[in-house]
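Fold the following.
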Amino acid sequence: MPRLVLEALMSEETELFDLELKVLLEAVYLRYHYDFRHYAVSSLRRRMRHAMGRYGLERLSDLQHRVVHDPAFFAEAMQYFTVQVSEMFRDPAYFAALREHAVPVLKTYPSIKVWIAGCSTGEEVWSMAILLEEEGLLDRAVIYATDINPAALEAAESGVFALDRMALFSRNYQAAGGRRSLSDYFTTGYGGAVFDRRLKKQVVFADHSLATDAVFSEVHLVSCRNVLIYFNRELQDRAVGLFHDSLVRRGFLGLGAKESLQFGAHATAFEACAPQQRLYRRAAA
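Numbers count the residues shown, from 1 in each chain. A predicted model of the protein is given here:
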């Protein structure tokens, strides 16, 4: 088959797939009130193909039928609508930047609130709790850990991670400026590493959607890392707007290594604090 003909057929197939994808996302929104309609199409396309392969479905319309008619199936398939990839102290330089730039300011407040938006299975939540503990801030902090995936929130709250991940987590922790050994914070059990329950005494785990929900509290630090890359520009701007509205004057915002405020609607509302580590502060004005 000539290359141009093949490319035309592939383009048409992609267009039809994307049309069905729009129908699926609209159905999910109407049926379950989860709004994925402004997530990045390329990422959703790839994940829906994975879901179809996992469940042995030939057409996206078949996936839509099962999702709409079987709430239990949708709950299971949520893992393909959201991305649950994380690690403790991921991008260690970011946590080192928090210690250097944010912690001295946070220590000036009698109490602080931290929002981990899109917390996934909790690796960053437990990392943040450890950092605040080592900086003497945990006892006067509240950490809001939010996500739209109930299964991910349950895993995050459990604080149990596979033992074979601990070597990587420990290296990250040390590179992030850890003051002790990461093993001081967990014990082995239940087939994994179980983190100290004391670390989550100040953590509130809650369902929150950056696509549909509003600001719920005034906070001093928002950490939303490797989430915006899965949103289209419109939803990115909405999310950053929520972060801006929730932050106290000169509060801190941390993003992922591949994320930036540079071309967004709120670019002038923040000042770079540690630009290479994607740490920003809400502008004074």
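
List the contacts of Ala239.
Neighbouring residues of Ala239 by CB atoms under 8 Å, 6 or more residues apart in numbering: 117, 210, 224, 227-228, 231. The C-beta positions use only the backbone N, C-alpha and C, and glycine is treated the same way.

For Leu57, state which of those is nearest.
When those are compared for distance to Leu57 (CB to CB), Phe231 wins out at 25.9 Å.

ok, the closest one touching Phe36?
No. Taking CB atoms under 8 Å as the definition, Phe231 is not a contact partner of Phe36, at 9.8 Å.

Could you identify the most distant pair in the contacts of Ala239?
For the contacts of Ala239, with distances taken as CB to CB, the pair at the greatest spread is Ala117 and Phe231 (11.7 Å).

anything in contact with each of those two?
By CB under 8 Å, 6+ apart, Ala117 and Phe231 have these common neighbours: 210, 239.

Report the contact partners of the residue nearest to the spatial centre of the chain.
The residue lying closest to the centre of the chain (CA atoms, centre = their mean) is Gly118, at 3.0 Å. Residues near Gly118 by CB under 8 Å, 6+ apart: 146-147, 210, 224-227.

Mind pulling the model confidence for it?
At Gly118, the predicted lDDT confidence score is 96.

nearest spatial neighbour of it, skipping sequence neighbours?
Val227 (3.7 Å; CB to CB, 6 or more residues apart in numbering).

Do I have it right that Lys107 meets Leu137?
Yes. Using CB under 8 Å, Lys107 is in contact with Leu137, at 6.7 Å.

Please say which of those two ends up with more neighbours.
Taking neighbours as other CB atoms under 10 Å, Lys107 and Leu137 compare with Leu137 leading, 19 against 12.

Now for the more buried one: which residues touch it?
Contact partners of Leu137, counting by CB under 8 Å, 6+ apart, are 103, 106-107, 112.

Drop anything exposed from those.
For the contacts of Leu137, a burial check counting by 16 or more other CB atoms under 10 Å picks out 103, 106, 112.

Give me the subset of those residues that lies in strands.
Of the buried ones among the contacts of Leu137, the ones assigned to strands by DSSP state E are Ile112.

out of the buried ones among the contacts of Leu137, which one sits closest to Gly56?
Among these, and counting by CB to CB, the member closest to Gly56 is Ile112, at 48.9 Å.

All set, thanks.
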